[in-house]
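Enquirer: give the three-dimensional model of this entry:
(one chain, ligands or ions: 1)
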Amino acid sequence: MKNEILKRLRYSLGKDADHASVYDWRMALSLVLRDHMVDTWFDSTRAAYGTSAKRVYYLSMEFLIGRLIEDMISNQGLETEARNAMKALGQDFDTIVHNEPDAALGNGGLGRLAACFMDSLATLGIPAYGYGIRYEHGLFEQSFVEGEQMEKPETWLSQRHAWEFERPEVQYRIGFGGHVSHSEGRAKWHPGDSVLATAHDTPIVGWKGVWGNTLRLWSADPVRQFDLASFNRGDYLAAGRSEALARTISRVLYPDDTTESGKELRLKQEYFFTAASIMDLLRRFLSDHDDIRALPDAVAIQLNDTHPAIAGPELVRLLVDEHGLEMPEAIDLARRCLAYTNHTLLPEALERWHEGLLGRILPRHLEIIRAIDDSHQAEHPGSPRILEHGDVRMGELAFIMAHKVNGVSALHTELVKETVFADLHRIHPTRIINQTNGITPRRWLYGCNPALRNLISEELGESWVSDLEQLSALTDKRGDSAFVADFHAAKRVNKVALSNWIGQTCDVQIDPDAMFDVQIKRIHEYKRQLMNLLETIALWNEMRDHPEKDWTPRVKIFGGKAAPGYFMAKDIIHLINDTASVINADPVTRDRLKIVFPPNYNVTMAERLIPAADLSEQISTAGKEASGTGNMKFALNGALTIGTLDGANVEIREHVGSENFFLFGLTAAEVMERRQQPGFSRAAIEASPRLRRVLGQIFEGRFSPQDPHRYHGLVGMLYDHDHFLVTCDFDSYFDTQRRADIAFQSQQSWATMALMNTASMGWFSSDRTIRGYARDIWKTRPHGALLEKSA
Ligand SMILES: [N-]=[N+]=N[C@]1([C@H](N)O)O[C@H](CO)[C@@H](O)[C@H](O)[C@H]1O
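Expert: Now for the predicted structure:
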């Protein structure tokens, strides 16, 4: 591999070893790794074509990939070789690997789930394509100025992206606007404007490099590059106008997590990638099929939330307007290909487009949506409509055009049946099923936690990496004090590494033997970072009131971005940083309590923080977090969860055992009930002197002396609009944290509980999740070629 790298350095980077930069070495190594996987990728693609295998198409506006270099190394079993080669070339392997920028093409859980799914689809050898947008700028870069979040454009493409192959020959013209003509019962759309969608392919090779799938991301390019006439007239802006307008479509990811943007450009982005993807999969199907009616046997299309829900009308449009099918048959055929995953119950996240806007941008699609709505109404009179009060409801459209709809955790799926789609569920009682989320163990244990993976592999061998439920064998080690001590030691290795990193990047000194209490996720009121902070201030008060007590030292680690327009979330970030600067400077509690909030939380930072965590904060208001996936990553890496009965926390607690989980708080049903009680938050605050004291301190500006009124709004919200019941769960949360304090003081029993978490998390592998989708929704299975290979 050493010589391969030198060859690539010379002929692809045009550099020799003496003049090579870290970037050059990283690119040379990456191109060599890419060379290694192209054959598998080609073989898999050929095998799938050769047998007309059924293909899965995963349509997602987000793929939160992070860095790919470690995946490309470990999935091909090339780590030792790569490390030795870089060493022989006098380069530090970790420095080279860390030079790759994150591909931050997503906001949070939904985007990361799509990335984990791609790894599992390839590892299981299920022929599949991921379809999305090649955003020029991913999720914004976060920095803090005086504790406030600042956003800068993210620039992952300012450098060459090592893993993709541009496909200029794979290009589709995507129309917008215009009008529809009707003659002899046939309709024809005449777009007023159009852009080109160009494919960029990234090979996704699975564990042990036995199968390769494709992630195809579309970039928007102008139909007409450059307007020479305007240029010659000196109107340079006009000359580049069409190009700029076209590129705007794939320019940047909308930074809203679980909130719809409602912006016209966002609708264009959704239609742009969905239409290109549907045209592309139809071309592939027609390349080895003559009868369009066989489509559902060869194609399974999964909609990752409602963002690609226009896929239904787009497929019907092509089947009717270009393939001549009658509307009813086209609707039925499309439905048999489509399935939809719902990821949230939050009303503000359910996409609704104004009929006027959608009709102007997509006039033919609005006609088809009306036809779909009318045909469903005709079949089920009185059923919910897609078109309502001048809005096109994308959830209803996705539901009605799907043969299967799934929630992402058992509790969430039940709530989907009881709330957002209750009426449609009554009409289609077998359509909604559950597929509890999962995470890839390749990245989220094998890759990010070498200390723990080595300990596990010494014990079990390596087959657990693609069969994670083998971890359950470790439950037998809970009585083995030597093994439990080794398990604890592995955690400590990660905590020391993180302490050093935090010392360097945040200039905060932390004690690796303190409890590392971590809450990392998007900042959102329902995730209740605020309650965590209120508990931290209450603990600080008690430590100051009773310094004589034997307090368990804690480090509170926060990480997460707020959507730029989400002011309450930005206030919460500001308050966390303001509180940190006061508490971290307090000589009384300095060695017992620290708050750390590293800026710009992303996938790579999660891989650094999760292996070092002792306590995982999963404290959302019950009924609000559809699943969560961070919760799974923490438990798999031996952190104990403090959490509510929400989302996948419920199933995690069932698997790890209630004795290995710190449960607190109201249930989803109790939340609904408490909300009906007028003044419930004031009552809760009155009943809690501890909470009242903390709110008083914040209100008086104890943490913002330079701007005492800064948090009047926030405290006022808790008194009168505590929609997420922070006040009602505070005391039980505080008491449960004190239980965790006591538990942590017994190192051996804490390590045993942590071991039981790791050992019991096998079911939460995204391999299990994908097997569920393949069995219950896509009706597909690993490709025969793989079965022959693994036989
Ligand atoms: N959008 N959305 N939904 C989410 C996350 N915010 O991305 O999807 C994630 C993936 O399904 C869930 O784990 C999480 O609970 C849910 O809120």
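Enquirer: in the stretch 451-600 of the chain, what residue is nearest the ligand?
Expert: residue 522 (6.5 Å; C-beta to the nearest ligand atom). In this view, the C-beta of every residue, glycine as well, is placed from N, C-alpha and C.
Enquirer: name the residue of the stretch 201-350 of the chain that lies nearest to the ligand.
Expert: Counting by C-beta to the nearest ligand atom, the stretch 201-350 of the chain gets nearest the ligand through residue 343, at 3.5 Å.
Enquirer: all helices for the stretch 601-750 of the chain, in order.
Expert: 603-609, 630-636, 649-656, 668-676, 680-686, 689-700, 712-720, 726-744, 747-759 (DSSP state H, counting those that start in this stretch).
Enquirer: out of those helices, which gets nearest to the ligand?
Expert: helix 630-636 (8.2 Å).
Enquirer: contacts made by the closest one with the rest, please.
Expert: Residues outside helix 630-636 that contact it (C-beta atoms under 8 Å, 6 or more residues apart in numbering): 109, 437-439, 441, 444-445, 518, 520-521, 606, 610, 613, 616, 618, 641, 643, 647-649, 652, 656, 757-758, 760-761, 764.
Enquirer: of the residues you listed, which belong to strands?
Expert: 518, 520, 616, 618, 641, 643 (DSSP state E).
Enquirer: rebuild these as TSV, extending it with neighbour count and distance to the ligand.
Expert: Shown next, in TSV, are the ones in strands among the contacts of helix 630-636 (neighbours: other C-beta atoms under 10 Å; distance: C-beta to the nearest ligand atom, whole Å):
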residue	neighbour count	distance to the ligand
518	25	17
520	23	13
616	31	14
618	26	10
641	23	15
643	30	13
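Enquirer: now do the same contact list for the closest residue to the ligand within the chain.
Expert: Nearest residue of the chain to the ligand, counting by C-beta to the nearest ligand atom: residue 109, 3.0 Å away. Neighbour list for residue 109: 343, 437, 521, 627-630 [criterion: C-beta under 8 Å, 6+ apart].
Enquirer: which other helices and strands contact the helix or strand hosting residue 297?
Expert: Under the criterion of DSSP states H and E, residue 297 resides in helix 295-298. Under the contact definition 3 or more C-beta pairs under 8 Å, 6 or more residues apart in numbering; DSSP states H and E, helix 295-298 sits against helix 264-287, helix 327-337.
Enquirer: can I get that helix as CSV, trimmed to CA atoms?
Expert: Backbone C-alpha positions of helix 295-298 (Å, rounded to 0.1, in the frame of the first residue of the first chain) are rendered in CSV as follows:
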residue,chain,number,x,y,z
LEU,A,295,-42.4,-2.1,-11.6
PRO,A,296,-43.5,-3.0,-8.0
ASP,A,297,-41.7,-6.4,-8.3
ALA,A,298,-38.4,-4.7,-9.2
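Enquirer: what does that helix contact?
Expert: 52, 54-55, 282, 285, 289, 333, 336-337.
Enquirer: turn these into TSV, columns for neighbour count, pLDDT and distance to residue 61.
Expert: As requested, the contacts of helix 295-298 are exported to TSV (neighbours: other C-beta atoms under 10 Å; pLDDT from 0 to 100; distance: C-beta to C-beta, whole Å):
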residue	neighbour count	pLDDT	distance to residue 61
52	14	76	29
54	20	94	24
55	22	97	20
282	19	98	20
285	17	96	23
289	16	93	28
333	20	98	25
336	16	98	24
337	23	98	19
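Enquirer: what would those look like in CSV with distance to the ligand?
Expert: Formatted as CSV, these follow (distance: C-beta to the nearest ligand atom, whole Å):
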residue, distance to the ligand
52, 32
54, 24
55, 23
282, 28
285, 28
289, 33
333, 28
336, 24
337, 22
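Enquirer: list the buried residues of stretch 687-700.
Expert: 688, 690-691, 694-695, 697-699 (16 or more other C-beta atoms under 10 Å).
Enquirer: element containing residue 420, please.
Expert: Under DSSP H and E, no helix or strand contains residue 420.
Enquirer: nearest spatial neighbour of it, chain-adjacent residues omitted?
Expert: residue 345 (5.7 Å; C-beta to C-beta, 6 or more residues apart in numbering).
Enquirer: partners of residue 194 in the sheet?
Expert: Counting by DSSP bridges, residue 194 is bridged to residue 175.
Enquirer: do I have it right that residue 571 meets residue 711?
Expert: Yes - Residue 571 is within contact range of residue 711, at 7.0 Å (criterion: C-beta atoms under 8 Å).
Enquirer: centroid-wise, who is the farthest residue in the protein?
Expert: Distance to the chain centre peaks in the chain at residue 233, reaching 47.8 Å (criterion: C-alpha atoms, centre = their mean).
Enquirer: pLDDT score for it?
Expert: Per-residue confidence (pLDDT) for residue 233: 91.
Enquirer: residue 142 belongs to a strand?
Expert: Yes - membership of residue 142 in a strand is supported by DSSP: H, G, I helix; E, B strand; the rest coil.
Enquirer: residues from this structure in reach of the ligand?
Expert: Selection of the chain residues close to the ligand by C-beta under 6 Å from any ligand atom yields 108-110, 113, 257-258, 305, 343-344, 408, 437, 625-629, 647.
Enquirer: and residue 189, how many neighbours?
Expert: 17 (other C-beta atoms under 10 Å).
Enquirer: more crowded one of residue 571 and residue 711?
Expert: residue 711 (25 against 20).
Enquirer: just to check, the more buried one is in contact with residue 704?
Expert: Yes - taking C-beta under 8 Å as the definition, residue 711 is a contact partner of residue 704 at 6.6 Å.
Enquirer: wait, what's in contact with residue 351?
Expert: Residue 351 touches 260, 306-307, 309, 393-395, counting by C-beta under 8 Å, 6+ apart.
Enquirer: now it. Nearest residue, chain neighbours left out?
Expert: Using C-beta to C-beta, 6+ apart, the closest residue to residue 351 is residue 394 (4.0 Å).
Enquirer: mind pulling the model confidence for the one you found?
Expert: For residue 394, the predicted pLDDT is 98.
Enquirer: surely residue 438 touches residue 112?
Expert: No - using C-beta under 8 Å, residue 438 is not in contact with residue 112; the gap is 11.3 Å.
Enquirer: find residues that contact each of the two.
Expert: residue 629.
Enquirer: what's the distance between the longest helix anywhere in the chain and the middle of its chain?
Expert: The longest helix of the chain (DSSP state H) is helix 22-50. Distance of helix 22-50 from its chain centroid, counting by C-alpha atoms, centre = their mean, to the nearest Å, is 25 Å.
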